[in-house]
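Q: take a look and give me a structure for this.
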Amino acid sequence: MDTNGLTVKSGHIIRLHFEQNDNHLESLYLSCNALGDAGSCEIASGLKHDKRLKRLGLAS
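A: Below you'll find the predicted structure:
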């Protein structure tokens, strides 16, 4: 999902996905989006509930 115009709101939605414990993703690349610190923190919060994701790319 690199370079798709994702924003802080997108980070919140991704967090909600991880909190549902129904994630089957092992890799998620979100580089070159406008998530910013707040969106990244949203995602990090959701990852507390996830056990499958092994790789997360958030490069700017």
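Q: the residue nearest to the spatial centre of the chain and Leu25, how far apart?
A: A centroid search over the chain (Cα atoms, centre = their mean) returns Ile43, at 4.3 Å, as the residue closest to the centre. Ile43 is 12 Å from Leu25, where distance means Cβ to Cβ, to the nearest Å. For glycine as for every other residue, the C-beta is placed from the backbone atoms N, C-alpha and C.
Q: thinking again about what came up before, can you classify the residue nearest to the centre of the chain by secondary structure?
A: Following DSSP: H, G, I helix; E, B strand; the rest coil, the label given to Ile43 is helix.
Q: now for it: which residues touch it?
A: Gly11, Ile14, Arg15, Phe18, Leu30, Leu35, Leu56, Leu58 (Cβ atoms under 8 Å, 6 or more residues apart in numbering).
Q: per-residue confidence at Ser45?
A: Listed pLDDT for Ser45 reads 96.
Q: contacting residues around it?
A: By Cβ under 8 Å, 6+ apart, the neighbours of Ser45 are Arg15.
Q: what subset of the contacts of Ile43 is buried?
A: Gly11, Ile14, Arg15, Phe18, Leu30, Leu35, Leu58 (16 or more other Cβ atoms under 10 Å).
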